[in-house]
Every structure is written in structure tokens, then in C-alpha cells.
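[1] only geometry, no sequence info:
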């Protein structure tokens, strides 16, 4: 098993660290455009192996795509991070060129790989990859839903005073501050609807906090978050390489599901060895479906900026 992470910045390096600690691959390639950057990160991580007890071999390379040959899974984190006051949408122009170039180079050496797109704006970058890579749609996934769902569980756990691990809660729609839809009416605490324990005011507070979860951290830290994005991506990789069939919210191509087509949006999917294996349809209320349609319209407007 060989896995590649493109982009050795904070998110890429954290993802690689999680992959190595879980021993999801025999070989892990960390690639970056900056000379020596990925090599240094890889050496630093390898020097933790004697303490953490993993045997994954991590190799850093500078723009050497030949080193990524025959990767079963490739994670793309390349692109500019979001700065305070910057929307994900403002990143489209720059990051589209980067993601397209990375995808083309990866496919030269790993034509049958599974690609996980982390780069923002994720919905549009995932759609770009779907349209330009030639890969089957099941082999292209966006990470944002896994992250947003983790944030949703965090805010729920804070109000409920419980472990996030005891919660089932998903976010659908776009991976954006105004386009994501935390499905609080469908969220459960060990099978009990969370709405039984939360007032409407608390529910509204949780949903609002989840939707601006990324912007909140950008304001506090000064750049995009990396621990949860890295962990969420690694969880997706794990479900794929170990064929775990976990239900995780991911950005995928829709073809009539949830009433939308020719678009990539976040919905719950089963992840296994072939990528996403099926979309799980939540019975949305009329209000939830209306919000989903509104989210799709916003994402479609962003997609129209792409030069395809």
C-alpha cells in the first residue's frame, strides 16, 4: 500500500502524520513545490517512529511526481490557505490552476488512484477534478464534509456535556460558511435524538457555530486550521484502504441524488476500497431540501467561474 499527500503545509503534514501513526500504508510520499520542505517534514516525522511505534516509511520529495507512482490514494492539499477576512470563494482563481496541474501530474504515474481533494474552495476544486481528471466519479472525493461534521459534533458535545464519539451527526451541502447544512434534526446521542436534550435556542446556536467554524479558527489562529482537517482526511483514507465501509459526509458528484446533478456537494457516503460506494439518502424535510437547493445554487455559481 502506497499513499501520497501533495502539499506539506500544516494540513498535509498533519494528515501524513495521522496516516503514519495508524500505519495505513507501507510507503507514504509527501510532495511539495518548496525545495526541501517535504523532505524536512518527512525526516522529522520519521524521527518519531521509535517513540510512536509505526513502521510506515515516509519520504519527502520536491515536485518529483515519479516518486508517487502507483499510489492507491492521493490526498491533494495544495493551494493557498485562507487568510483572515478571506472567503473560500476568493481562492478559486489561484487554487484552480494549482489543483488541475497537480491532478494531471499525479495521473501520469497513478492513473487508477483514488483522489481526496482538500484544497479550498473544496466543492469547486472537487468539481474541477471530476471534470478534468477522467477518473470514475467514485474515485474522487472532497474532504470538507468530514471536517464540518467533526465540528458539528464538537459543538453538540459542548452543549450536551457528552463525548463527541457518542454522537452521530452529519453536515451536508456546500463546504462554506453560508452553504453547509448541519442536520441537527437527524443528529443522535447514542440513538436518542439530540433535540430531546436541547432547546431551540441551543440548537440554533450549535448550527450557527458549526457553519462559521472554519472562519472562527481562521480569526483566532491567523490562517486555516490543520489538526481537524488532517485527522478528518486520514479517517477517510483509513476507511478506503481498510475497506471499513464507514458512513462519512464527503463531497461527491451527484447525478439526481438529493435532487441535484452536474455538481459536487457534501452528502453522506459509504467509503470502501473502491472510493465512495453509495450515497445514503437522508429523508430531508421540505425546509432542509430547500436549504440544500439554495446551497447547490451558490456552489454552482462558484463553479461557473472555472474555465472548463
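    That came through fine. Only a predicted model underlies this, so the values are computations on that prediction, with no experimental measurement involved. Numbers count the residues shown, from 1 in each chain.
[2] Would you map out the domains in the chain?
    Per the record, the chain has its domains at 1-141, 143-302, by the TED database.
[3] what's near enough to touch the residue most central in space within the chain?
    By Cα atoms, centre = their mean, the chain has its centre lying nearest to residue 143, at 1.2 Å. By Cβ atoms under 8 Å, 6 or more residues apart in numbering, the contact list for residue 143 reads 116-118, 122, 229, 232-233, 236, 250-251. From N, CA and C alone the C-beta is placed, and that goes for glycine too.
[4] Off-centre distance for the strand of greatest length in the chain?
    Counting residues, the longest strand in the chain under DSSP state E turns out to be strand 261-272. Centroid separation for strand 261-272 versus its chain: 12 Å, with Cα atoms, centre = their mean, to the nearest Å.
[5] what's the following helix or strand after that strand?
    Using DSSP states H and E, the helix or strand that directly follows strand 261-272 along the chain is strand 275-279.
[6] residues in contact with the next helix or strand after that next one?
    Later in the chain than strand 275-279, the nearest helix or strand by DSSP H and E is helix 286-303. Applying Cβ under 8 Å, 6+ apart, the contact partners of helix 286-303 are 89, 92, 121, 123-124, 127, 172-174, 176, 178-181, 183, 185, 258-260, 263-265, 284.
[7] Out of those, list just those in helices.
    Cross-referencing the contacts of helix 286-303 against helices under DSSP state H gives 92, 123-124, 127.
[8] In a markdown table: these, plus neighbour count.
    Shown next, in a markdown table, are the ones in helices among the contacts of helix 286-303 (neighbours: other Cβ atoms under 10 Å):
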| residue | neighbour count |
| --- | --- |
| 92 | 19 |
| 123 | 32 |
| 124 | 33 |
| 127 | 26 |
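[9] Could you export these as a markdown table, including pLDDT and distance to residue 208?
    Below are the ones in helices among the contacts of helix 286-303 laid out as a markdown table (pLDDT from 0 to 100; distance: Cβ to Cβ, whole Å):
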| residue | pLDDT | distance to residue 208 |
| --- | --- | --- |
| 92 | 87 | 25 |
| 123 | 96 | 21 |
| 124 | 96 | 24 |
| 127 | 97 | 27 |
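[10] Closest one to residue 168 out of those residues, please.
    Proximity of the ones in helices among the contacts of helix 286-303 to residue 168 (Cβ to Cβ) peaks at residue 123, which lies at 23.4 Å.
[11] State the distance from the closest one to residue 275.
    Separation of residue 123 from residue 275 (Cβ to Cβ, to the nearest Å) stands at 17 Å.
[12] Now do the contacts for residue 267.
    When contacts are counted by Cβ under 8 Å, 6+ apart, residue 267 touches 145, 172, 249-250, 252, 254, 257-258, 279-280.
[13] wait, residue 26
    By Cβ under 8 Å, 6+ apart, residue 26 lies in contact with 1-2, 55-57.
[14] can you do 10 Å?
    Applying Cβ atoms under 10 Å, 6 or more residues apart in numbering to residue 26 gives the contacts 1-3, 55-57.
[15] Name only those of those residues that count as buried.
    Taking 16 or more other Cβ atoms under 10 Å as the criterion, what is buried in the contacts of residue 26 is 2-3, 56.
[16] Any chance of those residues in CSV with secondary structure and distance to residue 196 as columns?
    CSV is the format used below for those (DSSP: H, G, I helix; E, B strand; the rest coil; distance: Cβ to Cβ, whole Å):
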residue, secondary structure, distance to residue 196
2, strand, 46
3, strand, 41
56, coil, 43
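[17] for the chain, what are the low-confidence residue spans?
    82, 87-89 (pLDDT under 70).
[18] Can you show me the strands along it?
    So, for the chain - with DSSP E - the strands run 2-6, 27-32, 57-62, 73-76, 114-117, 140-142, 167-168, 171-173, 180-182, 188-189, 192-193, 246-255, 261-272, 275-279.
[19] Mind listing what's buried along the longest one?
    Read that as strand 261-272. The neighbour-count check on strand 261-272 (16+ other Cβ under 10 Å) flags 263-272 as buried.
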